[in-house]
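K.L.:
One predicted model, sequence on top.
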Amino acid sequence: MTHPLELTGAAVVVTGGGSGIGRASALAFARRRARVVVSDLDAARAQAVAAEIAVIGGDAIGLRVDATSEADLTALRTACLERFGRVDVVMNNVGVLALGAPESLPDEAWQRVLDVNLMSVARSNRVFLPLLLAQGSGHVVNTSSASGLLAYGFDRLPYVASKHAIVGLSEALALYLGPRGVGVTCVCPSGVITNIVEQIAVYGEVAASPRAPDHPLVSAEAVGELVAEAVAKGRFLVLTVPEIRDELVGRAGNLEAYLQARIAEQTEGRS
């Protein structure tokens, strides 16, 4: 069951919207005549994106929001309702990284990544889902990663765990919300040119970089267009490169063989 959404006049909330995929998605929604509330931990960046939307003739506001605070997310909902009278799309897009060998990562690294990447979605669900369920329409977008589909990132284990969790959460949420008229999209980009490096914390010696899928880098703008199109058409999964489908099929067909082949690659790389 798909739920296409008419974006003209829709009210869209984007967290982590001050840069990267969030900014690009906010602009893509605005180009489709949606009205946008851009939120970010950096107020100046959020307001700058809102100003960009105004330049192209759109309607937007920029707000400082800490997605680790349910009170901030509640204030975000209130601001959208006061400005636009409704909420139609919620894009949960904040994300941080912690790098280090798996045996060296302290609890603080795990807690920070899971609190920002995963628990922000749990908070958003509590704040926004009652509204979407009551109106029987709308759409939720959760930003995961190719790292949430293929577990190659052992140098960033909390990130991998959080992004796998978001994929599972999104699938389950689609089963729950779909029959109730609300769509769900899970965004799983491969390499994207963003400024997430600003959000990286490094702990100790970083493990040798694991093999990642050999996929081309794409621009954040391209991802933003894919996100807006998926919401408009009611699609669940957004991949940024088609090559990942073949690897997913191979992994699902024989997980044991797939994993052993990846281990062999690592072994050869260390010799």
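P.N.:
That came through, no problem. Numbering: from 1, shown residues only.

K.L.:
contacting residues around Ile200?
P.N.:
96-99 (Cβ atoms under 8 Å, 6 or more residues apart in numbering). (Glycine included, C-beta is placed from N, CA and C.)

K.L.:
What of Leu157?
P.N.:
Neighbours of Leu157 in contact, by Cβ under 8 Å, 6+ apart: 102, 105.

K.L.:
now it, what's its secondary structure?
P.N.:
Secondary structure for Leu157, judged by DSSP: H, G, I helix; E, B strand; the rest coil, is helix.

K.L.:
next one: Val241
P.N.:
coil.

K.L.:
Which among the contacts of Ile200 count as buried?
P.N.:
Among those, those scoring as buried are 96-99 (criterion: 16 or more other Cβ atoms under 10 Å).

K.L.:
May I see the residues you listed arranged in a markdown table, with distance to Arg251 and secondary structure as well?
P.N.:
Converted to a markdown table, the buried ones among the contacts of Ile200 look like this (distance: Cβ to Cβ, whole Å; DSSP: H, G, I helix; E, B strand; the rest coil):
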| residue | distance to Arg251 | secondary structure |
| --- | --- | --- |
| Val96 | 26 | coil |
| Leu97 | 23 | strand |
| Ala98 | 25 | strand |
| Leu99 | 24 | strand |
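
K.L.:
could I get those residues as JSON lines with distance to Ala24?
P.N.:
Formatted as JSON lines, the buried ones among the contacts of Ile200 follow (distance: Cβ to Cβ, whole Å):
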{"residue": "Val96", "distance to Ala24": "19"}
{"residue": "Leu97", "distance to Ala24": "19"}
{"residue": "Ala98", "distance to Ala24": "24"}
{"residue": "Leu99", "distance to Ala24": "24"}
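
K.L.:
quick one: which of the residues you listed is nearest to Phe128?
P.N.:
Sorting those by distance to Phe128 puts Val96 at the head of the list, at 21.3 Å, by Cβ to Cβ.

K.L.:
which residues does the residue nearest to Ile53 when sequence neighbours are not counted bridge with?
P.N.:
Residue nearest to Ile53 in three dimensions, not counting chain neighbours: Ala60, with 3.9 Å by Cβ to Cβ, 6 or more residues apart in numbering. Ala60 has the following beta-bridge partners by DSSP bridges: Val36.

K.L.:
Quick check: Ala60 touching Arg33?
P.N.:
No: using Cβ atoms under 8 Å, Ala60 makes no contact with Arg33, being 11.7 Å away.

K.L.:
So for the two, which sits in the more crowded spot?
P.N.:
When Ala60 and Arg33 are compared for neighbours, Ala60 comes out ahead with 27 against 14, by other Cβ atoms under 10 Å.

K.L.:
Distance to Gly253 and pLDDT for the contacts of Ile200 - can I get that in a markdown table?
P.N.:
A markdown table is the format used below for the contacts of Ile200 (distance: Cβ to Cβ, whole Å; pLDDT from 0 to 100):
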| residue | distance to Gly253 | pLDDT |
| --- | --- | --- |
| Val96 | 34 | 94 |
| Leu97 | 30 | 91 |
| Ala98 | 32 | 92 |
| Leu99 | 31 | 91 |
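
K.L.:
farthest pair in the buried ones among the contacts of Ile200?
P.N.:
Farthest pair in the buried ones among the contacts of Ile200, by Cβ to Cβ: Val96 and Leu99, 10.8 Å.
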